[in-house]
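# this one's structure only:
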């Protein structure tokens, strides 16, 4: 199985899009890394104050983190 780097993201508030629909905001809180022996490491940089305990793995984007 080939390792694919992922961003660690979590829900962070709500916002309205240009059409007035309520959307969930997401914030990047860290990344995953492959270890030398093929294992997986998580680097958590920060946790938001309203953290609900859930962290999702998301494919990295080149632009801003809009998940």
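Sure thing, it's come through. Since the structure is predicted, the reported quantities are computational estimates derived from the model, not experimental observations.
# list the beta-bridge partners for the most centrally placed residue in the chain.
Nearest residue to the geometric centre of the chain (C-alpha atoms, centre = their mean): residue 9, 1.7 Å. Per DSSP bridges, the residues bridged to residue 9 are residue 28, residue 56.
# can you name the residues that contact it?
By C-beta atoms under 8 Å, 6 or more residues apart in numbering, the contact set of residue 9 is 26-29, 55-58, 65, 67. For every residue, glycine as well, the C-beta is placed using N, CA and C.
# now with 10 Å, please.
If you count contacts by C-beta atoms under 10 Å, 6 or more residues apart in numbering, residue 9 has them with 26-30, 54-58, 65, 67.
# for residue 44, same thing?
Counting by C-beta under 10 Å, 6+ apart, residue 44 makes contact with 8, 10, 29-31, 55.
# give me the distance from the strand or helix carrying residue 23 to the chain's centre.
Assigning secondary structure by DSSP states H and E places residue 23 in strand 22-34. Its chain's C-alpha centre and that of strand 22-34 lie 2 Å apart, by C-alpha atoms, centre = their mean, to the nearest Å.
# tell me where this protein is predicted with low confidence.
Within the chain, the ranges that satisfy pLDDT under 70 run 1-2, 62-67.
# C-terminal to the strand holding residue 23, what's the next element?
Helices and strands here follow DSSP H and E; after strand 22-34, the next one along the chain is strand 40-44.
# sheet-wise, list the partners of that next one with their directions.
Strand pairing for strand 40-44, determined by DSSP bridges: strand 22-34 (antiparallel).
# go ahead and name everything in contact with the partner strand.
Residues from elsewhere that reach strand 22-34 (C-beta under 10 Å, 6+ apart): 2-17, 39-48, 51, 55-58, 60-61, 64-67.
# which ChimeraX command selects the buried ones in these?
The buried subset of the contacts of strand 22-34, as determined by 16 or more other C-beta atoms under 10 Å, is captured in ChimeraX by this line:
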select :6,7,8,9,10,11,12,55
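# and the two most separated of the contacts of residue 9?
The largest separation in the contacts of residue 9, counting by C-beta to C-beta, is between 54 and 65 at 16.3 Å.
# the residue lying closest to residue 43 once chain neighbours are set aside and residue 6, how far apart?
Using C-beta to C-beta, 6 or more residues apart in numbering and skipping the chain neighbours, the partner closest in space to residue 43 is residue 30 (4.9 Å). Separation of residue 30 from residue 6 (C-beta to C-beta, to the nearest Å): 10 Å.
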